[in-house]
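Visitor: Need coordinates for the below:
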Amino acid sequence: MADELPQSDAFQGVIGRTVQESQPWWPPSPMKAGAPNVVMVVLDDSGFSHFGCYGSTIETPNIDRLAVQGVKYTGFHTTSLCSPTRACLLTGRNHHAVGMRSVSNFDTGYPNMRGAIPKSAATLPEILRENGYATFAAGKWHLAPMAECTAAGPFANWPLQRGFDRYYGFLQGETDQFHPELTYDNHHIDPPYTPEEGYHVSEDITDQAGGFIRDLTSLVPERPFFLYLAFGATHAPHQAPQAYLDKYKGRFDAGWDVERARWFEKQKALGVIPADTELSPRNPGVKAWDDLSTNEQKFAARLQEAFAAMLDHTDHQIGRLIEQLQSLGKWENTLFVVLSDNGASQEGGAAGVLDEMKWFNGIPENIDHAVERLDDIGGPNSHSNIPWGWAQVGNTPLRWYKQNTHGGGVRDPLVIHWPGKIEGAGETRAQFCHAIDVTPTILDALGLATPDVVGGVPQTPLHGTSFASTFQSGVPKVERGPQYFEMGGHRGLYMDGWKAVTRHTSGVPFDDDVWELYNFTNDFSETNDLAAQEPERLKAMIARWWQEAEEHGVLPLDDRGALALFRSSMRPGLPSSRRRFVYRPPITRVVADACPPVARSWRTLIELDHPTQNGDGALVSRGTINSGYVIYISEGRLHFDYNAFHDHTHLVAAKPMSPGPHSIELVVERDEAGGADLGLSVDGEQVAAGKLPRMLAMLSSIGMDLGRSLAPVCDGYSAPFVYPGKIDSVIFEVGGAPTGGEVRAQARAEMSRQ
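Guide: From the prediction side, this is the model:
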């Protein structure tokens with residue numbers, strides 16, 4: 001008997017001996033004619049009050065217009081960090097339950113921190129694609145372990161493997177806006193043009209997102225689409241085109257106390273907060289503006305100008321995307337969502353930073369020196385972040401910041417626009433909702449059921465609740481259960497209009513934490529602690545927190561600092577655990593998390609065949625003009641430049657290098673004082689030597705190029721400075737175990753790229 005042919009779907013036609021005796025049949029398309037498109041725009045580190053429609057004096061006309069024509073939410077909450085919030089947004093499940101209790105760079109060996117979403121928690125694009133949607137992502141990803149984000153993969157957690165048809169953006173938690181590390185679909189690419197030619201990554205990802213939609217509309221206009229557009233803004237580095245920087249000069253000279261009061265009054269006038277809301281006091285460590293020195297004020301004001309310029313510039317990109325949707329006839333049938341992933345950042349410290357890599361290295365900013373470079377702030381020659389005072393302004397009227405579970409960390413802006421589908425245009429919705437509620441809301445709005453199986457994998461239930469009912473006016477609240485919060489030991493619980501919250505200190509027993517209690521109904525800013533008046537309610541809520549924690553995989557609680565988390569993630573098989581690296585150029589850029597470490601002694605050996613003429617070019621380049629190192633040949637002579645935040649240590653050979661094969665060796669020998677002895681050799685003969693005053697534990701968030709330098713490290717050459725000879729191999733041999741400073745710097749960086 002002949003074998004039966006496998007059947008994927010039960011064939012409903014007729015199969016006879018010939019075509020004439022048969023009747024064809026095609027499975028029905030999952031695509032629904034006229035189904036709405038969905039756009040989700042995610043901003044990074046934008047606090048509750050940063051949008052103009054939420055109270056700020058920063059110009060965000062396009063977001064504001066969406067709020068006037070749609071609705072804005074004042075009870076929207078997140079996890080207080082990037083990767084966890086994005087995991088919630090895209091899965092509808094709590095972050096611990098999907099292995100993302102912190103940033104995706106970590107894997108602590110427990111189910112709640114794997115740095116990757118399990119297949120049992122399908123993403124929104126995976127569900128929508130099964131329902132006939134085209135799915136596009138552009139911008140920041142940060143939902144894959146960064147050690148997996150090299151050209152070698154594995155690719156299982158990259159965007160295309162998690163439900164997106166197309167992707168263009170950066171996989172890391174942050175990138176240099178002028179010199180980004182870009183990924184197109186499943187491969188890394190170079191930026192299409194240079195900063196000198198006007199390049200900025202926010203404009204680029206907006207162009208690419210629009211291109212995805214134009215391709216679809218031109219070829220299959222009937223097919224609906226989902227676009228996830230995640231900007232690097234307003235995460236550090238705060239960088240924007242010069243015209244936007246010029247626009248905000250002098251705007252914040254009155255200082256953060258005056259500006260915060262202005263925003264607070266505007267919030268009340270807009271109805272963003274109740275009229276009886278109290279403005280929370282300055283957070284600990286935030287000085288009164290008038291107590292700052294003149295230079296401290298100048299520096300802080302310029303840092304805020306760069307932040308504002310970046311947000312304004314990002315708003316313009318949102319406007320450009322809207323214009324494209326309108327020109328393609330897609331706007332009227334598009335559900336458009338804009339939100340932030342957590343509150344304003346505290347990683348700038350009390351004074352702010354000109355280059356956040358200094359903070360990662362434990363180097364305090366010298367304000368009197370920094371003010372000599374004020375005009376660099378916001379441009380390619382800076383990597384800045386705002387001080388605590390301006391971050392608290394961005395969280396007005398709330399307390400604390402990103403990473404905390406108080407309002408300043410978890411209460412964020414959310415604007416939804418949907419022509420003809422939302423009642424009460426311009427109204428404010430005060431109902432409590434959370435990032436886990438976004439996916440259920442979108443599925444509900446589209447009339448789609450939550451699947452039990454996706455890609456052959458049984459699915460865990462969604463934790464979120466749809467708030468699509470709030471698209472109508474007069475809905476008193478969303479019927480949902482309690483919502484827990486936990487981040488680095490900070491904890492909280494919202495339940496029935498009350499919030500219990502504690503700010504944890506690492507190393508203190510969790511049972512010794514002091515919990516606070518707030519009535520959300522009449523205490524928007526969490527300033528009136530009722531713990532003493534309502535001890536039984538607080539006790540019950542703490543008990544419920546532990547119940548929710550056990551149910552959603554929060555346990556074991558882990559208050560280890562970023563240092564310990566980073567160490568626990570250095571498992572065998574990852575680049576971070578290696579001591580010898582062998583490269584065979586030409587190869588794709590090596591991302592920072594996979595580069596050879598630089599805080600220990602190291603040796604670089606380059607085997608090459610030098611051309612007979614015109615042999616100038618970069619051999620090894622790591623970082624950018626703000627910090628990094630480069631080995632290059634200029635005017636025939638071998639150079640090594642170590643850039644420590646614009647302080648350069650430079651070696652150069654006395655004589656040009658002859659044509660033909662050569663072995664080049666760089667030796668960096670760390671000394672007990674934290675500096676290093678440097679030696680540069682050609683064919684075993686030392687050609688230059690010097691002393692490095694200080695070895696940095698972390699150089700840059702930008703990785704390494706071989707045979708070129710896409711982002712210049714010094715002014716001795718112009719990018720991309722491609723080496724015309726043949727590089728046979730580049731070998732790095734790194735010293736012993738990581739130094740404490742190295743691990744601390746890397747850990748602080750990972751926790752800040754959120």
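Visitor: my read: S709 touches P720, true?
Guide: Yes. S709 lies in contact with P720 (C-beta atoms under 8 Å); the separation is 6.4 Å. Glycine gets a C-beta too; all of them are placed from N, C-alpha and C.
Visitor: Between the two, which contacts overlap?
Guide: A618 (C-beta atoms under 8 Å, 6 or more residues apart in numbering).
Visitor: Between those two, which has more neighbouring residues?
Guide: S709 (29 against 17; other C-beta atoms under 10 Å).
Visitor: Who are the contact partners of that one?
Guide: Here S709 is in contact with 618, 621, 630, 632, 717, 719-721 (C-beta under 8 Å, 6+ apart).
Visitor: Now rank those residues by neighbours and give me the top one.
Guide: S621 (30 neighbours).
Visitor: for the strand or helix carrying it, the distance to its chain's centre please.
Guide: In the assignment (DSSP states H and E), S621 maps to strand 617-624. In terms of C-alpha atoms, centre = their mean, to the nearest Å, the centre of strand 617-624 is set 25 Å apart from its chain centre.
Visitor: and what of stretch 45-57?
Guide: Using C-alpha atoms, centre = their mean, the offset of stretch 45-57 from its chain centre is 19 Å.
Visitor: in that stretch, what counts as buried?
Guide: By 16 or more other C-beta atoms under 10 Å, the buried positions in stretch 45-57 come out as 45-56.
Visitor: quick check, nearest of those residues to I731?
Guide: Nearest to I731, judged by C-beta to C-beta, of those is D45 at 38.8 Å.
Visitor: List the residue ranges of this structure that fall below the pLDDT cut-off.
Guide: Low-confidence segments of the chain (pLDDT under 70): 1-9, 561-577, 736-754.
Visitor: before we move on, what SS does the residue most central in space within it have?
Guide: With distances taken as C-alpha atoms, centre = their mean, G173 lies nearest the centre of the chain, 3.5 Å away. Three-state assignment for G173 (DSSP: H, G, I helix; E, B strand; the rest coil): coil.
Visitor: Please apply the same query to F212.
Guide: Three-state call for F212 (three-state DSSP): helix.
Visitor: what's the neighbour count on the closest residue to it other than its chain neighbours?
Guide: Distances taken as C-beta to C-beta, 6 or more residues apart in numbering place F136 nearest to F212, at 4.3 Å, with adjacent residues excluded. F136 has 26 neighbours, counted by other C-beta under 10 Å.
Visitor: do F76 as well
Guide: 25.
Visitor: Could you pull up the residues touching it?
Guide: Contacts of F76 (C-beta under 8 Å, 6+ apart): 339, 411-414, 433-435.
Visitor: switch to 6 Å and redo it
Guide: 412, 414, 433 (C-beta atoms under 6 Å, 6 or more residues apart in numbering).
Visitor: so E126 sits in a helix?
Guide: Yes. Under three-state DSSP, E126 falls within a helix.
Visitor: Report the spatially nearest residue to P724, omitting neighbours in sequence.
Guide: P611 (5.5 Å).
Visitor: Let me see the ranges of the strands in the stretch 151-300 of the chain.
Guide: Secondary structure of the stretch 151-300 of the chain (DSSP state E, counting those that start in this stretch): strands at 166-170, 182-184, 187-189, 225-230.
Visitor: burial measure for A654, as a count.
Guide: So A654, with other C-beta under 10 Å, has 8 neighbours.
Visitor: How far does the longest helix along the chain sit from its chain's centre?
Guide: Using DSSP state H, we find that the single longest helix of the chain is helix 294-327. Computed by C-alpha atoms, centre = their mean, the separation of helix 294-327 from the middle of its chain amounts to 17 Å.
Visitor: Next secondary structure element downstream of it?
Guide: strand 334-340.
Visitor: which other helices and strands contact that following strand?
Guide: strand 37-43, strand 414-417 (3 or more C-beta pairs under 6 Å, 6 or more residues apart in numbering; DSSP states H and E).
Visitor: my read is the residue nearest to F212 is in a helix, agree?
Guide: No. Counting by three-state DSSP, F136 falls outside a helix, being strand.
Visitor: so it makes contact with Y228?
Guide: No. Judged on C-beta atoms under 6 Å, F136 makes no contact with Y228 at a distance of 7.1 Å.
Visitor: Now for D513: which residues touch it?
Guide: 502, 504.
Visitor: The lengthiest strand in the chain - contacts with which helices or strands?
Guide: In the chain, assigned by DSSP state E, the strand with the most residues is strand 660-670. Secondary-structure packing of strand 660-670 (3+ C-beta pairs under 6 Å, 6+ apart): strand 602-610, strand 676-682.
Visitor: angle of the shortest one against strand 660-670?
Guide: Spelled out, that is strand 676-682. 170 degrees (axes from the mean of the first three to the mean of the last three C-alpha atoms, to 10 degrees).
Visitor: ok, strand 676-682: who's next to it in the sheet?
Guide: strand 660-670 (antiparallel), strand 685-692 (antiparallel) (DSSP bridges).
Visitor: just checking, P661 touches P611?
Guide: No. Counting by C-beta under 6 Å, P661 sits too far from P611 to count as a contact (11.4 Å).
Visitor: Between those two, tell me which one has more neighbours.
Guide: Neighbour tally, P661 and P611, criterion other C-beta under 10 Å: the higher count belongs to P611, 15 against 12.
Visitor: end to end, how far does stretch 212-227 reach?
Guide: 9 Å (C-alpha to C-alpha, to the nearest Å).
Visitor: Now find how far off-centre that stretch is within its chain.
Guide: Distance, centroid of stretch 212-227 to centroid of chain: 27 Å (C-alpha atoms, centre = their mean).
Visitor: Ok, stretch 627-640 next?
Guide: That offset, for stretch 627-640, works out to 32 Å (C-alpha atoms, centre = their mean).
Visitor: For that stretch, report the contacting residues that lie outside it.
Guide: Contacts of stretch 627-640 (C-beta under 6 Å, 6+ apart): 357, 615-616, 618-622, 641-643, 645, 651-653, 656-657, 666, 680, 699-700, 709, 713, 716-717.
Visitor: hmm, 7 Å instead?
Guide: Contact partners of stretch 627-640, identified using C-beta atoms under 7 Å, 6 or more residues apart in numbering, comprise 355, 357, 615-623, 641-645, 650-653, 655-657, 664, 666, 678, 680, 682, 687, 696, 699-700, 709, 713-714, 716-717, 721.
Visitor: out of the residues you listed, which are buried?
Guide: Buried members of the contacts of stretch 627-640, scored by 16+ other C-beta under 10 Å, are 355, 357, 615-623, 641-645, 651-653, 657, 664, 666, 678, 680, 682, 687, 696, 699-700, 709, 713-714, 716-717, 721.
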